[in-house]
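**Student:** Based on what follows, work out the 3D shape:
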Amino acid sequence: MKQLVHAFIISRHDHSNGILDGLPISLLGQLQQAENAAARLVFGLKSHDYVKPAMFELRWLPVNLRIQYKLCLLMHSAVTQCVPVYISDIVQTTAASDRQRLRSSADMFTYAVLWTDTKLGDSLFSIAGHLTVILPSYIRRIPETNSFKCHLKTYF
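**Tutor:** Now for the predicted structure:
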């Protein structure tokens with residue numbers, strides 16, 4: 001049952017969830033309800049049962065964190081050149097300034113964050129990369145994608 005739910009429901013959520021960044025909480029709540037219903041279906045829970053332990057056991061992130069996870073993964077892939085050139089050209093990295101440069105962060109790169117005046121502009125992929133700035137430096141420095149995914153999911 002778990003494989004069927006994952007194949008037909010969760011994969012549909014994850015397919016394009018990178019574009020869901022910036023949606024109102026009410027719409028994300030509807031997606032969260034669908035994800036909660038899928039977890040209840042897998043474990044045979046009733047509608048009034050608490051679903052967080054089931055989500056934890058399935059290793060499913062809440063919808064808002066799934067969106068952040070996807071965007072961080074896209075940014076990592078763009079920086080490590082694992083995506084087409086037209087996507088990696090959007091992302092700019094900048095070396096840490098002299099003031100920020102400490103012994104522990106001498107080789108750390110940060111992503112150039114562009115600012116816009118509109119809500120639509122803030123949802124652009126190049127702008128949404130600000131999520132990677134909130135990650136700890138040890139996660140940002142991981143060059144291997146599978147290891148990055150594992151540490152990122154654990155962080156979220």
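**Student:** Please count neighbours and contacts with C-alpha atoms only from this point.
**Tutor:** Fine.
**Student:** for K149, what are its contacts?
**Tutor:** The contact partners of K149, by C-alpha atoms under 8 Å, 6 or more residues apart in numbering, come to L73.
**Student:** State the pLDDT value of it.
**Tutor:** pLDDT, K149: 90.
**Student:** Quickly find the element holding it.
**Tutor:** In the assignment (DSSP states H and E), K149 maps to helix 145-155.
**Student:** Check K46 too.
**Tutor:** If you go by DSSP H and E, K46 is not part of any helix or strand.
**Student:** ranges for the helices of the protein?
**Tutor:** Along the chain, counting by DSSP state H, helices occupy 2-5, 11-15, 25-43, 52-58, 63-79, 85-88, 119-122, 125-128, 137-140, 145-155.
**Student:** And for S77, the neighbour number?
**Tutor:** Look at S77: counted by other C-alpha atoms under 10 Å, it has 19 neighbours.
**Student:** Low-confidence ranges, the chain, go.
**Tutor:** Low-confidence regions of the chain, defined by pLDDT under 70, span residues 87-88, 90-133.
**Student:** Which residue lies nearest the spatial centre of it?
**Tutor:** Taking C-alpha atoms, centre = their mean, the centroid of the chain lies closest to Y69, which sits 1.4 Å from it.
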